[in-house]
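Engineer: Build the 3D model from these lines:
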Amino acid sequence: MELRQLRSFARVVELGSMGRAAAELGVVTSALSQQISRLESELATRLLQRTSTGVVPTDAGRAFLRQAQLAIRHADAAAMAAREARLTGQVSVGLASTTATVLAPRFILAMQQRYPDVRLRMTESLSGHLAAMLNARQLDLAIVFHTDAAQRWTVLPLLDEELVLIGQPSMPRWPAGETANLAEVAPVPLVLPSAAHGLRNLLDGAFARLGVEPNIVAEVDGLATLMAMVRVGHVATIQPGAALAADPALGRIWLTGAGLHRKNLLVSLPEDELSPAGLAARVVLGDVVRELVREGHWPGAALQC
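Structural biologist: All right, here's what the predicted structure looks like:
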């Protein structure tokens, strides 16, 4: 016996007409009649009596109707309780600065819309620091750029980001064209993060393999200050495409060459340690990343999930 059959039977009795009930339920009369016939066969008793003006319940039908209406009310109440039982709790999420620039506003909005009673605590820091905080159980989940295989994390590859030269095209030594290799970029006055950043280590290794020395005029570990220097127009920087989200008017030249990309990995505490709110936030974070990339709002990103 299905809840759909109970609803159909109750509506037929209320309207006193198989045809009118079928119209309201959006089915053809013959299909509704078959539903009622199957219900009567299952109960081994006649529930409705056909008359010249419609249908009326039999004694068994009236007794069955009372219990069917009770079952329908209980089912509706259960559905309402499920909808109103909002997920609660707190979730700590860590993002690197460039990732936060493009992802954080959309992610926070999506969480407010889907889980308004879940409180987010957002942390912006270096990938290595985020990993340490995750190990110390100070974060529930984070997006990092490399993982320690020895850790009991749940790891989901999200995307690969291409690296890009960002600056004012009017500045000295700005390369021509839309793409360039590192040898062409080396003479450009650069402001880069310090060696504490994984991005700097990636770039240092790439320049070293080419045997060229980049023209680094300053090291800045704060993305906001670094990008403010670039906007002035005397220096450029090399960043993943996400850094363009806050400054779409800046010039950009995409870098070519092996290894000039950055992996983004969604890592979280093990499944047995992650709260229901944390599990929900992890799903939302992945959904928002995919939406941003597919909509073209994450420059230079290619999905890996």
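Engineer: Please make it C-alpha for all contacts and neighbour counts, starting now.
Structural biologist: Noted.
Engineer: Please, where are all the strands along the stretch 151-300 of the chain?
Structural biologist: Taking DSSP state E, counting those that start in this stretch, the strands of the stretch 151-300 of the chain run over residues 154-167, 179-181, 190-192, 216-219, 237-240, 251-256, 261-268.
Engineer: The fifth one pairs with which strands, and in what direction?
Structural biologist: Read that as strand 237-240. strand 154-167 (antiparallel) (DSSP bridges).
Engineer: The last one too?
Structural biologist: With DSSP bridges as the criterion, the sheet partners recorded for strand 261-268 are strand 141-144 (antiparallel), strand 154-167 (antiparallel).
Engineer: Go through these and name the closest to residue 213.
Structural biologist: Among the strands paired with strand 261-268, the nearest to residue 213 by CA to CA is strand 154-167 (15.9 Å).
Engineer: which outside residues touch that closest one?
Structural biologist: If you take CA atoms under 8 Å, 6 or more residues apart in numbering as the criterion, strand 154-167 is touched by 185, 230-231, 233, 235-242, 244, 250-255, 260-271, 286, 289, 300-305.
Engineer: how about 6 Å then?
Structural biologist: 230, 236-240, 250-255, 260-268, 270, 300-305 (CA atoms under 6 Å, 6 or more residues apart in numbering).
Engineer: re the thing from before, mind putting the strands paired with strand 261-268 into TSV with mean neighbour count?
Structural biologist: TSV is the format used below for those (neighbours: other CA atoms under 10 Å):
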stretch	mean neighbour count
strand 141-144	27
strand 154-167	21
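Engineer: Could you dump these into CSV with mean pLDDT added?
Structural biologist: As requested, the strands paired with strand 261-268 are exported to CSV (pLDDT from 0 to 100):
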stretch, mean pLDDT
strand 141-144, 94
strand 154-167, 92
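Engineer: And those: which comes nearest residue 61?
Structural biologist: That would be strand 154-167 among the strands paired with strand 261-268, by CA to CA, at 55.5 Å.
Engineer: Please compute how far that closest one lies from its chain's middle.
Structural biologist: Distance of strand 154-167 from its chain centroid, counting by CA atoms, centre = their mean, to the nearest Å, is 16 Å.
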